[in-house]
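# Task: produce atomic coordinates for the following.
(one chain, ligands or ions: 1)
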Amino acid sequence: MASAPPPDHAPGVKRLVVLVSGTGSNLQALLDTIEEQGPERYGARVVAVGADREGITGLERARAAGIPTFVCRVKDHPDRAAWDLALAGATAAHAPDLVVSAGFMKIVGKEFLDRFGGRFVNTHPALLPSFPGAHGVRDALAYGAKVTGCTVHFVDYGVDTGPIIAQGVVEIREDDSPEGEAALHARIKDVERALLVEVVGRLARHGYRIEGRKVLVP
Ligand code: GAR
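This next block holds a predicted model:
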């Protein structure tokens, strides 16, 4: 059972739990915007950051901002289902309105999705449904695509298959070599950070409906 929001929770300001596995630059973009605009104007605030591993910059960023963190490692649990249950419990303890997967490199399971389905947002570094999975940038480069980008979508029971909220396009240049994955990913992330911040704010402020594959934000 999710705990009640703390007393300082302003009405209308949505509670975000952000899940990270790495650098956390998307998390930082959310934190910076909420700091600049204020949670009331932005429509949300980050109440906790969760990770599947210790020692990552994403956690450092959260701690530097004074945000509670939790770490839920697969290897600390007897199996994947137990990990999934623990992750769902640790997330629910912060009573989120929305959960944001911002570079969280684990596929969550049924328990997590039963609890947070329809309010679990992921950002992926490719134009879905092309190039799902853990290597979206590399796969688009290797395929010889001319454009790629990023997709912000709700998570469903498949891998990167949920309803799309918004996408941003990034050109793949003639001089993007197969070894140039990092440079292309950096250009994608420039677009991605702005898109994620914009989308999460819009969902928080306006609410939304999911009708089949369509996400409708009034
Ligand atoms: C982002 O580009 C995100 O789309 C990607 O990891 C990066 C995280 O960057 N996620 C995936 O590839 C998930 N399949 P960040 O840690 O700097 O926010």
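
# Name the residues of stretch 86-95 that come out as buried.
Using 16 or more other Cβ atoms under 10 Å as the test for burial, stretch 86-95 gives 86, 87, 88, 89, 91, 92, 93, 94, 95. From N, CA and C alone the C-beta is placed, and that goes for glycine too.

# Which helix in the protein has the most residues?
helix 181-206 (DSSP state H).

# coming back round to it: now, which of the buried residues of stretch 86-95 lie within helices?
Short answer: those in helices (DSSP H) are 86, 87, 88, 89, 91, 92.

# For my notes, please list these in CSV and give pLDDT and distance to residue 172 for each entry.
Output for those, formatted as CSV (pLDDT from 0 to 100; distance: Cβ to Cβ, whole Å):
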residue, pLDDT, distance to residue 172
86, 98, 39
87, 98, 34
88, 98, 37
89, 98, 41
91, 98, 35
92, 98, 40
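
# What's opposite residue 215 in the beta bridge?
residue 210 (DSSP bridges).

# Count residues in the vicinity of it, would you?
Residue 215: 20 surrounding residues under other Cβ atoms under 10 Å.

# what residues are up against it?
Residues near residue 215 by Cβ atoms under 8 Å, 6 or more residues apart in numbering: 154, 163, 164, 165, 208, 209.

# ok, these vs residue 33, which is closest?
residue 165 (17.0 Å; Cβ to Cβ).

# on contacts alone, who are the packing partners of the strand or helix carrying that closest one?
In the assignment (DSSP states H and E), residue 165 maps to strand 164-171. Using 3 or more Cβ pairs under 8 Å, 6 or more residues apart in numbering; DSSP states H and E, the elements in contact with strand 164-171 are strand 147-154, helix 181-206.

# I'd like the distance between residue 30 and the ligand.
The spacing between residue 30 and the ligand, counted by Cβ to the nearest ligand atom, to the nearest Å, is 10 Å.

# I'd like to know how many residues surround that residue.
For residue 30, using other Cβ under 10 Å, the count is 24.

# my read: residue 84 touches residue 114, true?
No. Using Cβ atoms under 8 Å as the test, residue 84 is too far from residue 114 to be in contact (9.9 Å).

# Show me which of these two is the more surrounded one.
Between residue 84 and residue 114, residue 84 has the larger neighbour count (other Cβ under 10 Å), namely 23 against 11.
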